[in-house]
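# Sharing a model that was predicted from the sequence below.
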Amino acid sequence: MSAATDERALRSRAADFDWQSRMLPSRLLGAQSTTRGLVTYGVLFVVVVLLAALPFMIDTATMAIATRVLIFALLGIGWNVMSGFGGMFSFGHAAYFGIGAYTTAACVVHFGISPWIALVIGMALAVVAALVISWLAFRYRLAGAYYALSTFAFAEVLMLVAEGNDWLHRTDGIGLPVAPGESWWMFNFKLNSPNYYWIAVAFVGVALAVSISFTRARTGRFVVSVRDDEAAAAAAGINPLRYKLTAVAVSAAITAAAGMLYMEYYGFVDPTTAFNSSVSNNAIITAVVGGVGTIWGPLIGAIVTAPLTDLINGFLRNPPAGLEFLHGHSGLDLVVYAAILIVFVLFLPRGIYGSITHWIQRKRRK
Amino acid sequence: MTMTQLDERLGETSVLPAARRRLHELLGQRFVRTIGVTVIVIAVVAIIAGLVSHSPDVVWQAIITGLLNGGVYSLIAMGLTLAYGVLHIINFANGSMLTLGLYLAYVAVHDWGMQPYVALLFVIPAMMAFGALTQKFLLNPVMNGASHNQLLVTIGLAVGLENLILLIAGPNPVSVTLPHGGSFSLFGATVDLGRLYAFVGAIAMVVLLSLILQKTPVGTAVRAVAANPVGASLVGVNIKNIYVLTFAIGGAAIGAAATLIAPFQSITPTTGDVFNLTAFVVVVLGGMGNVAGALVGGFVVGLTEQLAGIIFPEQSPLLSVFVVFLIVLFIRPRGVFGRAS
């Protein structure tokens, strides 16, 4: 009881003295973070250029894998904003992914609208859904296990809604019509066109830029400070609810964009591929392997994990001697994913990128 | 007038016979009151279902089926609620562990020729060992860290187990047949014998688990760790061992549930997934960590599913269950039958 009273007293005192504009990141840390920020954006530019140059070096089969890597990365980056920077672990990011995919499908199939407009609508819908569910969760102070369950259940509810909805073709799913010709406006290109890949690179580049701003810009720093110590942040005049909801909204928008990209690239979506917990798990695994709460973690995680499916399926088509009984079976890829997830949580909880930076920082300090 | 005011007035006059006062005390208890409200709500929903369907027989059958299914749901949720109560972990692998139990029961009955209920003697110890090993090697190392790490391990376990079973057993459904199965009619409603046994098993398990938790020294230690881990370790309880024991008991409960539902359940690698969600709902309704609450929660979910199926025939019955779930989660996160904060 006393802690809450103290917090309220501190908050009212903090309101008298305008900390937000005088003391916090923009001035205290501004000078230092500008140069480092420029370096990070420079790295991003190099990464995007390298990714964009890739189609000139690889065959079409590898490009399909690379495109999937980017969709995974986008999913992981979206999840990471809310769960990594925001500290609100989501177990139901399939909800926002599915909203993005289904909005695109419905807009193109039912109304013939451009997927780019559908992207905006889908992101808006995902943001609204995320804000409503999160506002309720924070309003009723759901924490820990209960918060995890509420995110998980929301995605499952959406799956049931999609399965029972005629307009969304129930369990049959929606396929995009195959249209002749190429059109940027209708996101319609030849099979194996590198344009799909380049658009994915652009999406990931924008999402990474947003991620970087989370460690550099004011709003993002406030989000992180609320994650690290909500009471202290509140005492310093930061409204915790506002910045938590900001992180949730940005996260949902990026994830919805991943859904739109998936829909346009694969051309088909059904309730399971959109809302199943495996989508949420993919987002989680990508970020955990790369490093939760880091800028580059989800991209690295996606590069490591996404090609595994192809490798393993190739292995299952031609199993080595002694393992012939596995021929034609499925499921091994997910077993490997699960094992990777558990191994990382147990032995490398910072993820690949997180562990490397942690190691470098420790060396520097010595 | 609230119940406490009523009690005070009863105390003032104190002319009522002792038995009637006892009754009023009982009515004043939250648990009993909540059950009363729940029964009234379900009765109202049943009447609405009757008005919609114009057929009392349909509603009667729905109530019987709902109660029988509810028994199954609470059976599956028992291990989940126990693990949450003591370890404060949501075991996302509960459903996959159920699938594992179902396949173990199938192997015991189909390959080794065991009678379906004799298979309990094999499946329960096997799942108990699985639970103990999981806790010891996968969960105990992360018990002191951030809570999401524990959830991530159970998610990994869920995905891994489900797909390992898919890899080995393939996607085709298998089934366990009950030699003396069948059904009988109860006032016009069909009662499946296998489901009835599972129902009885659910009630037996609640009684057994409550007895273990309340009356044995081990149960006392488990409750002590659940209530205050630091205090329990100060008086000499080995917390990590209690964690292992709790997860083992949870595994045993899932093993029992799997064997009991195997005779009337089509068994595929994703069977557990379907029950996973229902089990979460049951546990939240009953109050996480509340074994008796899980039984009532199971009945509520079973009845909701059946009656909603009559009232909204176009929608998936699970949807109504989830709507109830989300409402309860936000309004009373400690569960309808959980203790007030």
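Structure's in. What do you need? Numbers count the residues shown, from 1 in each chain, chains lettered A, B, ... in the order given.
# from here on, contacts and neighbour counts on C-alpha atoms
OK.
# What mean pLDDT does the lengthiest helix in chain A get?
In chain A, with assignment by DSSP state H, the single longest helix is helix A:240-266. The average pLDDT for helix A:240-266 rounds to 94.
# List the buried residues for that helix?
A:240-241, A:243-265 (16 or more other CA atoms under 10 Å in any protein chain shown).
# now swap in stretch A:46-57 and tell me
A:48, A:51, A:52, A:54, A:55.
# now stretch A:141-151
Buried residues in stretch A:141-151, defined by neighbour count with 16+ other CA under 10 Å: A:142, A:144, A:145, A:146, A:147, A:148, A:149, A:150, A:151.
# For the residue most central in space within chain A, give me the backbone phi and psi.
In chain A, the C-alpha nearest the mean C-alpha coordinate belongs to residue A:78, at 2.1 Å (CA atoms, centre = their mean). Residue A:78 has phi and psi values of phi -60, psi -50 when expressed as degrees, to the nearest 10.
# before we move on, what about residue A:105?
Main-chain torsions, residue A:105, degrees, to the nearest 10: phi -60, psi -50.
# Residue A:238 looks like it's in a helix, true?
No: secondary structure of residue A:238 (DSSP: H, G, I helix; E, B strand; the rest coil): coil, not part of a helix.
# Please report the distance of it from chain B.
Look at residue A:238 and chain B: by CA to the nearest CA, to the nearest Å, they are 25 Å apart.
# what does stretch B:321-332 rub up against?
Contact with stretch B:321-332 is made by A:136-137, A:140, A:142, A:146, A:150, A:153, A:157, B:281, B:284-285, B:301, B:304-305, B:335-336, as judged by CA atoms under 8 Å, 6 or more residues apart in numbering or on different chains.
# Got a quick ChimeraX command for the buried subset of those residues?
In ChimeraX syntax, the buried subset of the contacts of stretch B:321-332 is picked out as below (16+ other CA under 10 Å):
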select /A:137,142,146,150,153,157 /B:281,284,285,301,304,305,335,336
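# thinking again about what came up before, so the residue nearest to the centre of chain A touches residue A:257, yeah?
No: the pair residue A:78 / residue A:257 is not scored as a contact, 9.1 Å apart, by CA atoms under 8 Å.
# Kindly provide the distance from the residue lying closest to residue A:125 once chain neighbours are set aside to chain B.
Counting by CA to CA, 6 or more residues apart in numbering or on different chains, the nearest residue to residue A:125 once its immediate chain neighbours are dropped is residue A:99, at 7.2 Å. Separation of residue A:99 from chain B (CA to the nearest CA): 18 Å.
# Next secondary structure element downstream of the helix or strand where residue A:99 lies?
Element membership for residue A:99 (DSSP states H and E) is helix A:94-106. Remark: after helix A:94-106, the chain's next helix or strand is helix A:115-139, criterion DSSP H and E.
# Buried residues, that next one. List them.
Neighbour counts over helix A:115-139 (16+ other CA under 10 Å) mark A:115, A:118-127, A:129-131, A:133-135, A:137 as buried.
# Residue numbers of chain B in contact with chain A?
B:88-90, B:138, B:141-142, B:147-149, B:152-153, B:155-157, B:159-161, B:163-164, B:166-168, B:170, B:277, B:314-316, B:318-319, B:322-323, B:326, B:329-331, B:333 (CA under 8 Å from any CA of the partner chain).
# Okay, and which of the residues you listed map to helices?
The subset of those located in helices under the criterion DSSP H comprises B:147-149, B:152-153, B:155-157, B:159-161, B:163-164, B:166-168, B:277, B:318-319, B:322-323, B:326, B:329-331.
# which among those end up buried?
Using 16+ other CA under 10 Å as the burial test, these include B:147-149, B:152-153, B:155-157, B:159-161, B:163-164, B:166-167, B:277, B:318-319, B:322, B:326, B:329-330 as buried.
# residue boundaries of the helices in the stretch 1-150 of chain B?
Secondary structure of the stretch 1-150 of chain B (DSSP state H, counting those that start in this stretch): helices at B:3-13, B:18-28, B:30-53, B:56-87, B:94-106, B:120-133, B:147-169.
# Can you pull out the low-pLDDT segments for chain B?
B:1-17, B:19, B:21, B:23-31, B:181, B:333-341 (pLDDT under 70).
# which of the helices of the stretch 1-150 of chain B sits most buried?
Comparing the helices of the stretch 1-150 of chain B by mean neighbour count (mean count of other CA atoms under 10 Å in any protein chain shown), helix B:94-106 ranks first with a mean of 28.
# Figure out how far that one is from the centre of its chain.
Between the centre of helix B:94-106 and the centre of its host chain there is 16 Å, according to CA atoms, centre = their mean, to the nearest Å.
# packing partners for it?
helix B:56-87, helix B:120-133, helix B:147-169, helix B:239-261, helix B:271-286 (3 or more CA pairs under 8 Å, 6 or more residues apart in numbering or on different chains; DSSP states H and E).
# what's the angle from it to helix B:147-169?
Relative orientation of helix B:94-106 and helix B:147-169, computed by axes from the mean of the first three to the mean of the last three CA atoms, to 10 degrees: 30 degrees.
# What lies in contact with helix B:94-106?
Helix B:94-106 has contacts (CA under 8 Å, 6+ apart) with B:76, B:79-80, B:116, B:119-120, B:123, B:127, B:158-159, B:161-162, B:165, B:174-176, B:251, B:254-255, B:257-259, B:262, B:267-276.
# ok and that helix relative to helix B:120-133, angle-wise?
Using the same axes, to 10 degrees: helix B:94-106 against helix B:120-133 is 140 degrees.
# Kindly tell me how buried the nearest residue to residue B:95 once chain neighbours are set aside is, as a neighbour count.
Among residues not flanking residue B:95 along the chain, residue B:272 sits closest, at 4.0 Å (CA to CA, 6+ apart). Other residues within reach of residue B:272, judged by other CA atoms under 10 Å in any protein chain shown, total 25.
# try the one 3 residues further on
Neighbourhood size, residue B:275 [other CA under 10 Å]: 20.
# Over to residue A:183?
If we define neighbours as other CA under 10 Å, then residue A:183 has 11 of them.
# Go through the helix or strand hosting residue B:194 and flag the buried ones.
Residue B:194 belongs to helix B:193-215 when assigned by DSSP H and E. In terms of neighbour count (16+ other CA under 10 Å), helix B:193-215 has its buried residues at B:193-199, B:201-203, B:205-206, B:209-210, B:213.
# what packs against that helix?
Of the remaining helices and strands, those touching helix B:193-215 by 3+ CA pairs under 8 Å, 6+ apart are helix B:56-87, helix B:217-227, helix B:239-261, helix B:291-311.
# ranges for the helices of the stretch 151-300 of chain A?
Counting by DSSP H, counting those that start in this stretch, the helices of the stretch 151-300 of chain A are A:194-216, A:218-228, A:230-235, A:240-266, A:271-275, A:277-290, A:297-305.
# and of the ones you listed, who's closest to chain B?
Of all these, helix A:277-290 sits nearest to chain B, with 7.9 Å by CA to the nearest CA.
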